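Trainee: sequence first, then the predicted structure, then my questions.
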Amino acid sequence: MDAIITTDLTKCFQDVPALGNLNLRIKAGTVFGFLGPNGAGKTTTIRLLLGLLQPSAGSAEVMGWSVAHDARHIRERVGVLLEHHGLYERLSAYDNLAYFADIYHLEASVKEQRIKELLGSIRCWERRHEKAGSWSKGMKQKLAIARALIHDPELVFLDEPTSGLDPAAAHQLRDELVELVKQAGKTIFITTHNLEEAEKVCDQVGVIDRGQLLATGSPSELRGSFSRPKVIITIGGGAGAAEVADGPEVAGGAEKPSPLAAKALAALKHVSGVQPVAQQSVATRGLVAENRISVELSDPDSVPAIIRALVAAEIPIQEVHKVKASLEDVFLSLTQEEGSPPSHTTATDADTGTAATTAAQQKGGSQ
């Protein structure tokens, strides 16, 4: 069963496209991550699926209900956490959940049970009588997620749930969210630009940029389809140690490689199977960080040639190792092009043998 289906869903604001021809099919019980930078169209998508915005074109179904005709029924049956936590800060944690339980017409016995379960699951039962306004942002976010789950919805929308939290609070919230959601077997639609978060939490992800869906699939499928393996090379030692000991220089706000690292990058530029080396940030190919350099491989068997090139250039090598591509690598690969984003692609499913197809091919095949 599909929890969410969108067909060419489009939204324009005064002729400015915010979302273009979105085609999604999300199975029930899936934790789906919608990844994209700020302004990519993630929140607009949620508001369209809830019937809070009217689409300019296209259609959507949520839990079998038409968004165009049954938005009220949808909102009664889903849980939602949008940009703001939506708590009443002068009320206690308990009273916040009780208030929303009453809105959803929960029976008294069910209400009491749900409040105790949810506050217990986020480890806040002992603090249930404290005012929500006295809690930290991380605690408020956890309470807001509990509020979204109070009526035991089958589908929950979470819009940037860890945004603005410090790393420790975000990590704790993420772990508790995974535990809470997977125990309950909910379908979760979570938007984020935190790629580490998506990789740890989500079964399926979609990458969106500038209102266009670029790719969908599991994190492992996307890594296999849209990113190349990387090699991290630790250089220095011996005669070159002094040149790299202080790490890269910084000029104009950008990292500048040390003389030894620059020499190594130059030696690798013409090695077959190695992506053109650029002196960019740590997140992209050709990075320089302290006494390490990183290159992407278009040919996984080109490592021996890399070593030979560095030895020929008299670059001292301490260590060479391959690293697994991350979801961040996938995201950068999909969004690094200037101008119009590429067509939506579904990653090949190695288990089912489903071939990768473009959105245009999918649309054409359905007519």
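Mentor: Happy to help now that I have it. Since this is a predicted model, take the numbers as computed values, not measurements. Numbering: from 1, shown residues only.
Trainee: identify the residue nearest I4 in space, chain neighbours excluded?
Mentor: I26 (4.2 Å; CB to CB, 6 or more residues apart in numbering). Where C-beta positions appear, they are placed from N, C-alpha and C, glycine not excepted.
Trainee: and the one you found, how many neighbours?
Mentor: Residues lying near I26 (other CB atoms under 10 Å) number 23.
Trainee: for the host helix or strand of it, which positions count as buried?
Mentor: Element membership for I26 (DSSP states H and E) is strand 16-27. Residues of strand 16-27 classed as buried by neighbour count (16 or more other CB atoms under 10 Å): A18, L19, G20, N21, L22, N23, L24, I26.
Trainee: now stretch 124-141
Mentor: C124, R127, R128, A132, W135, G138, M139, K140, Q141.
Trainee: what about K131, distance to K142?
Mentor: Distance, K131 to K142, using CB to CB, to the nearest Å: 15 Å.
Trainee: that older thread, max pairwise distance over the buried residues of strand 16-27: which two?
Mentor: Spanning the widest gap among the buried residues of strand 16-27 are A18 and I26, at 20.2 Å by CB to CB.
Trainee: R47: neighbour count?
Mentor: Residues near R47, counting by other CB under 10 Å: 18.
Trainee: quick one: residues contacting it.
Mentor: L53 (CB atoms under 8 Å, 6 or more residues apart in numbering).
Trainee: quick one: it is in a strand?
Mentor: No. Judged by DSSP: H, G, I helix; E, B strand; the rest coil, R47 forms no part of a strand; its state is helix.
Trainee: quick check: nearest residue in space to R123, chain neighbours excluded?
Mentor: E176 (7.7 Å).
Trainee: what helix or strand is the one you found on?
Mentor: If you go by DSSP H and E, E176 is part of helix 167-184.
Trainee: buried stuff in the helix or strand that that helix is followed by?
Mentor: Where DSSP H and E defines the elements, the next helix or strand beyond helix 167-184 is strand 187-192. Across strand 187-192, burial judged by 16+ other CB under 10 Å covers T187, I188, F189, I190, T191, T192.
Trainee: now those as CSV including pLDDT and distance to I307?
Mentor: CSV is the format used below for the buried residues of strand 187-192 (pLDDT from 0 to 100; distance: CB to CB, whole Å):
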residue, pLDDT, distance to I307
T187, 91, 48
I188, 92, 45
F189, 95, 46
I190, 93, 42
T191, 91, 43
T192, 85, 39
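Trainee: reformat those residues as a markdown table; add distance to F32.
Mentor: Converted to a markdown table, the buried residues of strand 187-192 look like this (distance: CB to CB, whole Å):
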| residue | distance to F32 |
| --- | --- |
| T187 | 8 |
| I188 | 7 |
| F189 | 5 |
| I190 | 7 |
| T191 | 10 |
| T192 | 11 |
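Trainee: what's the closest of these to S163?
Mentor: T192 (7.9 Å).
Trainee: out of the buried residues of stretch 124-141, which is nearest to A108?
Mentor: Looking across the buried residues of stretch 124-141 and measuring by CB to CB, the closest to A108 is R128, at 16.7 Å.
Trainee: just give the nearest non-adjacent residue to that closest one, would you?
Mentor: Using CB to CB, 6+ apart and skipping residues adjacent in sequence, the residue nearest R128 is Y94, 4.1 Å away.
Trainee: and that neighbour, helix, strand or coil?
Mentor: Applying three-state DSSP: Y94 is helix.
Trainee: number of nearby residues for it?
Mentor: 19.
Trainee: how near is H73 to W65?
Mentor: In terms of CB to CB, H73 sits 5 Å off from W65.
Trainee: compare neighbour counts for the two and give me the winner.
Mentor: For H73 and W65, the more surrounded residue by other CB under 10 Å is W65, and the numbers stand at 19 against 15.
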